[in-house]
Each structure stands twice: as C-alpha cells, then as structure tokens.
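missing the sequence, but the structure's below:
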C-alpha cells in the first residue's frame, strides 16, 4: 500500500488552553468539517466530553458523491495541551493516522496537523488518490482553516 503524508499548520491568536479545549473535544469536529460531507457523530454524546486514549468515536460521513459511510476512529494517544492522535479503525481509508499538535507561540498557538493516509485497492487506489482523494483531503483542511479563521482570526 502506498501512503501519503500531508502537513498543515495554522497560527491562532488564542491561548493554548483555549485551543486545546476546542480541538480536543470531538463534539466540535462538525463545526470545522465541510457541510457537504454530511458529518454526523453517532457515538453517545455524553461520553465525548473529555478525550482519552482508547476513546472510539463513530460517525456517518459522505466523503464522495453523497455516498454515506460509517467511520470509526480511535484516539490512540493524548498528551493534554500538546497533542493527540486519532487513527481509523473502520472506514474509507486503508490507513488513517492523524496527529494534532499544539504549541504556544508569541501571540497565540501554532497548530500543526500531520496526516498519513493510504487508499485501498492498490493501483486503482493510487489513481483515485491522484484524481479525487488528494484534492478532497486538501479541501477538507482548507475548509477547516477558513472555519477556524472565522472563529478566531489568523496570525500572519
């Protein structure tokens, strides 16, 4: 399986605590996900208030052409105020490893996302990545960047 790595960075004019509180809550994920993905958390909401290693989060999502899919991710690592990692356990990818890092900087926080993913179906998956998946992934993170910018603004 071929894997792909993406790195996204964004500076936020908020405190580290505020960034951590927002981004480490699974309930906020729908606020920064494109509406076109029809993203719905299907996990029991009462259990999603505090993120912890081993937490499973279930979703319904329509990543392509409105086709609804189930997606399950596990929060595998959490170091409060610094980083957390989610990995797909069931869903559209052959591999999904997403690291979320937070670092206090002058005037705010540097938020860094590192995504490593793989697409199933061998060479067909590689073609699909080149034609659709790579752009879709970039679009999702672009949308998130704009949504976050609207919430807090961006340090330049």
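Nice, I can see it. Quick caveat: nothing in here was measured; it's all calculated off a predicted structure.

got any ranges where this protein has weak pLDDT?
Counting by pLDDT under 70, the chain contains low-confidence ranges at 45-48, 154-156.

my guess is residue 11 contacts residue 110, does it?
Yes: with contact defined as C-beta atoms under 8 Å, residue 11 and residue 110 form a contacting pair (5.6 Å). To be clear about C-beta, it is placed using only N, CA and C from the backbone, and glycine gets the same treatment.

buried residues, stretch 125-142. List them.
Neighbour counts over stretch 125-142 (16 or more other C-beta atoms under 10 Å) mark 125-126, 128-129, 133, 137, 140-141 as buried.

now tell me what touches it from outside.
Contacts made with stretch 125-142 from outside it, assessed by C-beta atoms under 8 Å, 6 or more residues apart in numbering, are listed as 1-2, 4, 6, 8, 33-34, 37, 63-64, 94, 113, 115, 117-119, 121.

need the three-state assignment for the residue nearest the centre of the chain.
For the chain, the residue whose C-alpha lies nearest the mean C-alpha position (C-alpha atoms, centre = their mean) is residue 98; its distance is 6.6 Å. Counting by DSSP: H, G, I helix; E, B strand; the rest coil, the backbone at residue 98 sits in strand.

measure it to residue 91 for me?
Using C-beta to C-beta, to the nearest Å, residue 98 is found at 12 Å from residue 91.

for the residue nearest to the centre of the chain, list the residues it contacts.
Contact criterion C-beta under 8 Å, 6+ apart gives 85-87, 113-116 as the residues in contact with residue 98.

so which of these comes closest to residue 53?
Taking C-beta to C-beta as the measure, residue 53 sits nearest to residue 85 out of those, at 8.7 Å.

run through the strands of the chain in chain order.
Secondary structure of the chain, counting by DSSP state E: strands at 3-12, 40-41, 56-61, 69-79, 83-90, 95-105, 108-118.

can you give me the neighbour number for residue 67?
10 (other C-beta atoms under 10 Å).

now it. Its backbone dihedrals?
Residue 67 adopts backbone torsions of phi -80, psi 120, taken as degrees, to the nearest 10.
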